[in-house]
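K.L.:
Dropping a prediction and its sequence here:
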Amino acid sequence: MKESQQVLEALDALLEKERQALLASRFDRLGALVVEKERLINRLSELDAVADLGGLRGKAERNQRLMDSAMRGIRSVATRLGTLRRLRRSLETYDKAGRRASIVMTGGGQVERRA
């Protein structure tokens, strides 16, 4: 088997590992996979191999979409946590005229919120 074919197969297997890590939310594994992916891509370019990369391109694009979705989810959680932190520090109320007023919480006091 040609070395270029071995590199292509290793890259294919690596893209599948990356997909599995993304689906399992194992983001801690992605750093090592990226390093290995770069190594394999560099090796492939050194071999100057002409190969059909359509299948690998499709898998790489699929993984990129998964990565983008994961990042959107992380940003959404970060926004929500920020909102919760803000809510713990202040209480927003409305007067008869519908004007909003914010009461800043100091110390460790607690306020019971009622609808």
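P.N.:
In hand now; what should we look at?
K.L.:
In the chain, which helix is the longest?
P.N.:
Longest helix in the chain by number of residues, with DSSP state H as the criterion: helix 54-89.
K.L.:
following it, which helix or strand comes up?
P.N.:
Scanning forward in sequence from helix 54-89, with DSSP states H and E defining helices and strands, the next element found is strand 90-94.
K.L.:
pLDDT averaged over whatever helix or strand comes next after that next one - what is it?
P.N.:
Helices and strands here follow DSSP H and E; after strand 90-94, the next one along the chain is strand 100-104. Here the mean pLDDT over strand 100-104 is 82, rounded to a whole number.
K.L.:
Can you list the low-confidence ranges for the chain?
P.N.:
1, 48-52, 107-112, 115 (pLDDT under 70).
K.L.:
nearest spatial neighbour of I41, skipping sequence neighbours?
P.N.:
Across the structure, with CB to CB, 6 or more residues apart in numbering as the measure, the residue nearest I41 apart from its sequence neighbours is L11 (7.1 Å). The C-beta positions use only the backbone N, C-alpha and C, and glycine is treated the same way.
K.L.:
nope, L47 is what I was after
P.N.:
Using CB to CB, 6+ apart and skipping residues adjacent in sequence, the residue nearest L47 is S4, 4.7 Å away.
K.L.:
quick one: the closest residue in space to S25 that isn't next to it in sequence from A21, how far?
P.N.:
Of all residues not flanking S25 in the chain, A70 sits nearest, at 7.3 Å (CB to CB, 6+ apart). A70 sits at a distance of 10 Å from A21 (criterion: CB to CB, to the nearest Å).
K.L.:
Neighbour count for those two, which is higher?
P.N.:
The residue with the greater number of neighbours, taking A70 and A21 and applying other CB atoms under 10 Å, is A21; the counts read 18 against 15.
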